[in-house]
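Novice: For reference, the sequence and a predicted model appear below.
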Amino acid sequence: MASKFDVELFLKQLKQHLEIWQIVFINRPKNQLQTLADLEITAQKREEIIKNLTYKDYSEGPKPETQFTGGEMWIFGKKVKNQELYIKLTISSKTDNVICISFHKAERPMKYPLH
């Protein structure tokens, strides 16, 4: 488990990267647009949710990420319309892009160790 300091440092870096680059959303079956439609989340709102994450939303990580960037993955959760969202993020060690690997309804209850 990461400390509050570690999570805040990751989120600070994420926000600094977002001042320059847009979020790259990975198109995976789990990240269905239907989830966004069901919760009335626009593309802009999805980015806003990510930009407004705090250490209290932290769930897991950092974990090694080998499929997309070779960096570290961080997992956060956020409630929208009484539905818990599972959000998995990384900052690419190759391109410095913020990559959203997962953004979908949580498949099981999430834990928030810093909340």
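Specialist: Yep, that arrived. On a predicted model such as this, the values are computed, not experimentally measured, just so you know. Numbering: from 1, shown residues only.

Novice: Neighbours of residue 77, how many?
Specialist: 20 (other C-beta atoms under 10 Å). For the C-beta atoms, the positions are set from N, CA and C on the backbone; glycine is no exception.

Novice: so it bridges to which residues?
Specialist: On the basis of DSSP bridges, residue 77 takes part in beta bridges with residue 86.

Novice: wouldn't it be in contact with residue 107 here?
Specialist: No. Taking contacts as C-beta atoms under 8 Å, residue 77 lies outside contact range of residue 107: 11.5 Å.

Novice: Mutual contacts of those two, please.
Specialist: Counting by C-beta atoms under 8 Å, 6 or more residues apart in numbering, the shared contacts of residue 77 and residue 107 are residue 86.

Novice: In terms of secondary structure, what does the helix or strand of the chain with the lowest mean pLDDT contact?
Specialist: Counting by mean pLDDT, DSSP states H and E, the chain has its least confident helix or strand at helix 33-38, which shows a mean of 80. The helices and strands touching helix 33-38, judged by 3 or more C-beta pairs under 8 Å, 6 or more residues apart in numbering; DSSP states H and E, are strand 98-105.

Novice: how far is the strand it packs on from where the chain is centred?
Specialist: The chain centre lies 5 Å from the centre of strand 98-105; the measure is C-alpha atoms, centre = their mean, to the nearest Å.

Novice: Go through it and flag the buried ones.
Specialist: 98-104 (16 or more other C-beta atoms under 10 Å).

Novice: If we go by neighbour counts, what in the longest helix along the chain is buried?
Specialist: Longest helix in the chain by number of residues (criterion: DSSP state H): helix 4-18. By 16+ other C-beta under 10 Å, the buried positions in helix 4-18 come out as 6-7, 10-11, 14, 17-18.

Novice: picking up where we left off before, got the buried residues of strand 98-105 as TSV, with pLDDT and distance to residue 55 columns?
Specialist: Formatted as TSV, those follow (pLDDT from 0 to 100; distance: C-beta to C-beta, whole Å):
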residue	pLDDT	distance to residue 55
98	92	17
99	93	20
100	94	18
101	92	20
102	92	19
103	93	19
104	91	22
